[in-house]
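Trainee: Need a 3D model of the following:
(4 chains)
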4 protein chains.
Amino acid sequence: MRTLGAEMIEIASGRCRIAAPILPSATQQHGYAHAGLTFAIGDSAAGYAALSLMPEGSEVLTSEMKIHLLAPGKGDRLVATGSVVKPGRRLMVVRADVVAETGEDRVPVATLLGTMVPVTG
Amino acid sequence: MRTLGAEMIEIASGRCRIAAPILPSATQQHGYAHAGLTFAIGDSAAGYAALSLMPEGSEVLTSEMKIHLLAPGKGDRLVATGSVVKPGRRLMVVRADVVAETGEDRVPVATLLGTMVPVTG
Amino acid sequence: MRTLGAEMIEIASGRCRIAAPILPSATQQHGYAHAGLTFAIGDSAAGYAALSLMPEGSEVLTSEMKIHLLAPGKGDRLVATGSVVKPGRRLMVVRADVVAETGEDRVPVATLLGTMVPVTG
Amino acid sequence: MRTLGAEMIEIASGRCRIAAPILPSATQQHGYAHAGLTFAIGDSAAGYAALSLMPEGSEVLTSEMKIHLLAPGKGDRLVATGSVVKPGRRLMVVRADVVAETGEDRVPVATLLGTMVPVTG
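Mentor: Have a look, this model is predicted:
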């Protein structure tokens, strides 16, 4: 997260928002955010959304995650909103939506759907 | 790719291998490669495998990709092998397998299955 | 669809709802709807949602589809609501949510996310 | 399975093959096997492959499954080969490949990748 310059801008029960600047180092040939960056912040937002429903000191691991890339990640920053579709002790179904922001403008960039596994210390 | 220190170590018809060192900057709390790095090199290997079957000057975009994380990305470097499951003019089904290498040791770290869309200049 | 006793109960621009009774012939050992039935009506609802945005006489094929099974398909009938996440000429990203209904009761049973390919006659 | 006329034709450690005839009742407008049938036998083959690695009396549930449809399910019967990508006590990563057979001819029809959850009685 720190490497990406990402920061959590909202955390609530079953919900988390993470923002990351679209820096030149994370862009492809065309100046768009690389799929890897989009995946990373969507996956992180989904993971923290799951974590928000678990006892303190817990951790989560991504078991599997599917991402659909909807539009080029072009703009000032990416904002990912993660939420929990179905909580559970053994696994949690999560989703995240990622938008690219440029000033007031917001364009949907990706949607993710996957499974987190709770890990208790 | 360059940001990740990744390099292509093999390219053949419908197949591509990419290696990336597991650097401290791309690891999580535990010193394992972050899911984002594993995704990025798996996705890239799958993309170049698709590209290898297309006319020169073509490009591909990831439409959707699913990743299963099988074990922590722990070791010297990650190596992703991408291949084409089903070629096509409108879309290509691709897969990639990622292993973590430590000396002679190889541990399966992730498997990816997804769709690439050819883009002709 | 007919084999499953399924019927379309709503069709609008980018949206479709399909209902199917949970018959003994489509249940597993435990009397729950088989994953295959749940997949079939979710996939169909998503497909018709895509079709609703296309010119008359068009068809769609499922390219890939991911389903998360959230709870046993137990009750009188399954109702799937399909919608279009991202329309496109070459491919359409679609989703569907399936609930099991028993009288007034509704339990989320599955969520699907996938890709449809338009086929023009 | 019985409704589909499906039968298990091979079971080994971490591997299972299931065959089902392509009957008129399971075909679409064009006489091809419906995606629901292809999903059902692929999912079943993957599930039994997982079950083959578990103690007797165990059961498995599909947590999530992704299917790529590669070609129309046209022919005499569908044959699905399921295998275990990564075994585990809490969840098992599985895959299946489905082919359509017509006499000696075999055409790849679908590939599936997903997660099974062991359920112990």
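Trainee: Which of the helices or strands spans the spatially most central residue of chain A?
Mentor: Nearest to the mean C-alpha position of chain A, counting by C-alpha atoms, centre = their mean, stands A:Gly42 at 1.8 Å. Assigned by DSSP states H and E, A:Gly42 belongs to helix A:35-51.
Trainee: hmm, that helix in reach of chain B?
Mentor: Yes: contact of helix A:35-51 with chain B (C-beta under 8 Å from any C-beta of the partner chain) involves A:Ala35, A:Gly36, A:Leu37, A:Phe39, A:Ala40, A:Asp43. Any C-beta I mention is one placed from the backbone N, CA and C, and that applies to glycine too.
Trainee: Now do that helix and helix B:35-51, the angle between them.
Mentor: 140 degrees (axes from the mean of the first three to the mean of the last three C-alpha atoms, to 10 degrees).
Trainee: Run through the residues of chain A sitting next to chain B.
Mentor: Going by C-beta under 8 Å from any C-beta, the residues of chain A near chain B are A:3-4, A:25-26, A:34-37, A:39-40, A:43, A:61-69.
Trainee: Quick check: A:Ile9 touching A:Ala20?
Mentor: No: counting by C-beta atoms under 8 Å, A:Ile9 does not reach A:Ala20; the two are 10.2 Å apart.
Trainee: shared neighbours, these two?
Mentor: Common contacts of A:Ile9 and A:Ala20, defined by C-beta atoms under 8 Å, 6 or more residues apart in numbering or on different chains, are absent altogether.
Trainee: just checking, what packs against the helix holding A:Gly42?
Mentor: strand A:15-21, strand A:59-69, strand A:77-86, strand A:92-102, strand A:105-119, helix B:35-51, strand B:59-69 (3 or more C-beta pairs under 8 Å, 6 or more residues apart in numbering or on different chains; DSSP states H and E).
Trainee: want to try JSON lines for the ones you listed, with distance to D:Ala49 and mean pLDDT as columns?
Mentor: Compiled in JSON lines, those are given as follows (distance: least, C-beta to C-beta, whole Å; pLDDT from 0 to 100):
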{"stretch": "strand A:15-21", "distance to D:Ala49": "36", "mean pLDDT": "96"}
{"stretch": "strand A:59-69", "distance to D:Ala49": "17", "mean pLDDT": "96"}
{"stretch": "strand A:77-86", "distance to D:Ala49": "25", "mean pLDDT": "97"}
{"stretch": "strand A:92-102", "distance to D:Ala49": "23", "mean pLDDT": "97"}
{"stretch": "strand A:105-119", "distance to D:Ala49": "19", "mean pLDDT": "96"}
{"stretch": "helix B:35-51", "distance to D:Ala49": "23", "mean pLDDT": "95"}
{"stretch": "strand B:59-69", "distance to D:Ala49": "15", "mean pLDDT": "96"}
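Trainee: Give me the neighbour count for A:Ala19.
Mentor: Using other C-beta atoms under 10 Å in any protein chain shown, A:Ala19 has 18 neighbouring residues.
Trainee: for A:Leu69, same thing?
Mentor: With other C-beta under 10 Å as criterion, A:Leu69 counts 26.
Trainee: so it sits right up against A:Pro108, yeah?
Mentor: No: A:Leu69 lies out of contact with A:Pro108 (C-beta under 8 Å); the separation is 10.3 Å.
Trainee: List only buried entries from the residues of chain A next to chain B.
Mentor: For the residues of chain A next to chain B, a neighbour count by 16 or more other C-beta atoms under 10 Å in any protein chain shown gives the buried set as A:3-4, A:26, A:34-37, A:39-40, A:43, A:61-69.
Trainee: that older thread, ok, so of the residues of helix A:35-51 next to chain B, who is nearest C:Val117?
Mentor: A:Ala35 (20.9 Å; C-beta to C-beta).
Trainee: List the contacts of the closest one.
Mentor: Here A:Ala35 is in contact with A:Ile67, A:Leu69, B:Phe39, B:Ala40, B:Asp43, B:Thr62, B:Met65 (criterion: C-beta under 8 Å, 6+ apart).
Trainee: With A:Thr115 instead?
Mentor: A:Thr62, A:Ser63, A:Glu64, A:Met65, A:Leu91, A:Met92, A:Val93, A:Val94, C:His68, D:Ser63, D:Glu64, D:Thr115.
Trainee: Recalculate using a threshold of 7 Å.
Mentor: Applying C-beta atoms under 7 Å, 6 or more residues apart in numbering or on different chains to A:Thr115 gives the contacts A:Ser63, A:Glu64, A:Leu91, A:Val93, D:Ser63, D:Glu64, D:Thr115.
Trainee: ok, for the second one, nearest residue in space, not its chain neighbours?
Mentor: Pointing back at A:Glu64 there. B:His68 (4.4 Å; C-beta to C-beta, 6 or more residues apart in numbering or on different chains).
Trainee: beta partners of the one you found?
Mentor: A:Glu64, B:Thr111 (DSSP bridges).
Trainee: what's the closest of the residues of helix A:35-51 next to chain B to D:Leu53?
Mentor: Distances from D:Leu53 to the residues of helix A:35-51 next to chain B, taken by C-beta to C-beta, are shortest for A:Asp43, at 28.5 Å.
Trainee: was I right about the closest one contacting A:Glu64?
Mentor: No: between A:Asp43 and A:Glu64 there is no contact under C-beta atoms under 7 Å: 10.6 Å.
Trainee: Just put the helices and strands packed on helix A:35-51 in TSV and tack on distance to D:Gly103.
Mentor: Shown next, in TSV, are the helices and strands packed on helix A:35-51 (distance: least, C-beta to C-beta, whole Å):
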stretch	distance to D:Gly103
strand A:15-21	55
strand A:59-69	37
strand A:77-86	45
strand A:92-102	43
strand A:105-119	40
helix B:35-51	32
strand B:59-69	34
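Trainee: All set, thanks.
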